[in-house]
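1. When you get a sec, could you give me coordinates for this:
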Amino acid sequence: MTSETRRVVGAAAGLAAFPLVYHLTEAGARALRQAYASFGPAWAGALWLAAVAVLVAVLGAWPAAALACGLPLTAAGLLFALDADTALGLADALRPVSARPPWPEAGEPPGAVAGTTGLYVLVGALLLLSAVRRHPRATLRR
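-> A predicted model of the protein is given here:
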């Protein structure tokens, strides 16, 4: 397999992982919010965010996948930070056809909690930094 083929496959894997990272981060943020509101333990939130951490670790080992997943995730987080109303409208378009757990309820569009708390920017920035850190010369030259 040539290096160009590896990059294309990595980019495809990163784009395929983007919705999974997006919705798992949102499920973790919602579980944390629910536990905070009920003054209870946040085991579900910790488990959802641990799954996100595993995905980020796997994607971070492959620079093309980290870039392909990290760029749209960071862009989504920045959109939430700059214009929350527009971001919520766009996030509502991402709602899955059958909304069942861990997908968001009908009241809030997917991404509302994780986007407004800055989790998307954090996870996306970690992915981007892992891609740049692994191959600084190759990333800057091309």
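
2. Can you give me the buried ones in the longest helix belonging to the chain?
-> Using DSSP state H to assign secondary structure, the helix with the most residues in the chain is helix 3-37. For helix 3-37, the neighbour count (16 or more other CB atoms under 10 Å) marks 7, 10-11, 13-14, 17-18, 21-32, 35 as buried. Any C-beta I mention is one placed from the backbone N, CA and C, and that applies to glycine too.

3. go on, stretch 36-55?
-> Buried residues in stretch 36-55, counted by 16+ other CB under 10 Å: 42, 44-45, 48-49, 51-52, 55.

4. Quick one: low-confidence residue ranges for the protein.
-> Along the chain, the parts satisfying pLDDT under 70 run over 93-107, 134-142.

5. State the number of residues packed around the closest residue to residue 118 other than its chain neighbours.
-> The shortest distance from residue 118 to any non-neighbouring residue, by CB to CB, 6 or more residues apart in numbering, is to residue 77 (6.5 Å). By other CB atoms under 10 Å, the residues close to residue 77 number 25.

6. After the helix or strand containing residue 114, which helix or strand is next?
-> Secondary structure from DSSP states H and E places residue 114 in helix 112-117. Once the chain leaves helix 112-117, the next helix or strand it forms, by DSSP H and E, is helix 119-134.

7. related to what we said a few turns ago, check which helices and strands the longest helix of the chain sits against.
-> Helix 3-37 sits against helix 43-60, helix 63-82, helix 112-117, helix 119-134, with contacts defined as 3 or more CB pairs under 8 Å, 6 or more residues apart in numbering; DSSP states H and E.

8. closest one to residue 3 among those helices?
-> Each of the helices and strands packed on helix 3-37 has some distance to residue 3 by CB to CB; the shortest is helix 63-82, at 9.8 Å.

9. ok, residues contacting stretch 36-45?
-> Defining contact as CB atoms under 8 Å, 6 or more residues apart in numbering, one finds that stretch 36-45 is touched by 28-35.
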